[in-house]
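Student: Sharing a model that was predicted from the sequence below.
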Amino acid sequence: MTPVEHADIITAEETDILQEIMNIAFGRAASDLAEYIDIFVILSVPFIKLLHASDLPPYINSEIKDYDKISLVEQNFWGKFKGSAFLVFPADSGKKILSLLDGSEGHFESDPIYELEKETFREVGNILIGACIGKIAELLGDVITYSPPRVVVERNQRGVIAECLFAPDSYAIVLRTMFHFNDQNVSGYLFIVTSQESFGWLKTALNNFLAQYEC
């Protein structure tokens, strides 16, 4: 595999800066979601990992291995900071989140709500992904555009994350957090993946961010 150029490697200090930026961004996302659909979200301390792009699908699968089936929102984003975001829920989450949105106590298995579940995941994904990535971009001086989200409801986890997401001989940074909706005891994962193509810009932007707070 082609090694990452030494100048492109994200250092421990830069990783710490990125983690702090993620903490700010995820706090904003939780606030936006609570304001928009009245759901209180707890986001865990983010975890950052550098890995070969070819290792990305097995890594994500290993993180969600406890979910036999999942529902997924995938959204690509473009700017100087570019990549893909994956919001992963256990398969039974749709009806629980839908109950939060429409105020009902629950739904029967026979209810024809598949499309309502898809729309619910799409709405929550748009808010949570958009708020997290948008705030990261804002703090680093970038402007982001988004693709329409892809929503998958209750599928086997294997094969949901594309093997060809990035060139296999490149590297990727994965930003991972767990989220939890208290009111319905729903948990899941958010993965934000950016490719080696953004590394050079990201290093400069992180150091510029830090410089604002140095004497």
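Tutor: That came through fine.
Student: buried set for the worst-scoring helix or strand of the chain on mean pLDDT?
Tutor: Across the helices and strands of the chain, mean pLDDT, DSSP states H and E gives its lowest value to helix 93-102, namely a mean of 71. For helix 93-102, the neighbour count (16 or more other Cβ atoms under 10 Å) marks 93-100 as buried. No exception for glycine: its C-beta is placed from N, CA and C like everyone else's.
Student: Output the below-cut-off pLDDT ranges for the protein.
Tutor: Along the chain, the model assigns pLDDT under 70 to residues 1-8, 37-39, 100-114, 155-169, 182-184, 214-215.
Student: mind listing the strands for it?
Tutor: Taking DSSP state E, the strands of the chain run over residues 41-43, 47-52, 69-78, 83-90, 145-146, 150-156, 171-181, 186-195.
Student: circling back: what's the angle between the least confident helix or strand of the chain and strand 150-156?
Tutor: For helix 93-102 against strand 150-156, the angle by axes from the mean of the first three to the mean of the last three Cα atoms, to 10 degrees is 130 degrees.
Student: Helix 93-102 packs against which elements?
Tutor: Helix 93-102 makes packing contacts with helix 114-139, strand 171-181, strand 186-195 when contacts are defined by 3 or more Cβ pairs under 8 Å, 6 or more residues apart in numbering; DSSP states H and E.
Student: about what we covered before: let me know the closest of the buried residues of helix 93-102 to residue 130.
Tutor: residue 97 (17.0 Å; Cβ to Cβ).
Student: Could you report the neighbour count for the nearest residue to that closest one once chain neighbours are set aside?
Tutor: Excluding the flanking residues, the one nearest residue 97 by Cβ to Cβ, 6 or more residues apart in numbering is residue 120, at 5.4 Å. By the criterion of other Cβ atoms under 10 Å, residue 120 has 25 neighbours.
Student: just to revisit the earlier point, which one, of the helices and strands packed on helix 93-102, ends up nearest to residue 89?
Tutor: When the helices and strands packed on helix 93-102 are compared (using Cβ to Cβ), the closest one is strand 186-195, at 4.2 Å.
Student: What strands line up against the closest one, and which way round?
Tutor: strand 83-90 (antiparallel), strand 171-181 (antiparallel) (DSSP bridges).
Student: With only the CA atoms kept, save that strand in PDB.
Tutor: Extracted in PDB, the C-alpha atoms of strand 186-195 (Å, rounded to 0.1, in the frame of the first residue of the first chain):
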ATOM      1  CA  VAL A 186     -32.400   4.300  21.900                       C
ATOM      2  CA  SER A 187     -28.600   4.200  21.300                       C
ATOM      3  CA  GLY A 188     -26.500   4.100  18.200                       C
ATOM      4  CA  TYR A 189     -23.300   5.200  16.500                       C
ATOM      5  CA  LEU A 190     -22.300   8.200  14.400                       C
ATOM      6  CA  PHE A 191     -19.200   7.700  12.200                       C
ATOM      7  CA  ILE A 192     -17.700  10.700  10.300                       C
ATOM      8  CA  VAL A 193     -15.100   9.500   7.800                       C
ATOM      9  CA  THR A 194     -12.800  11.900   5.900                       C
ATOM     10  CA  SER A 195     -10.300  10.700   3.300                       C
END
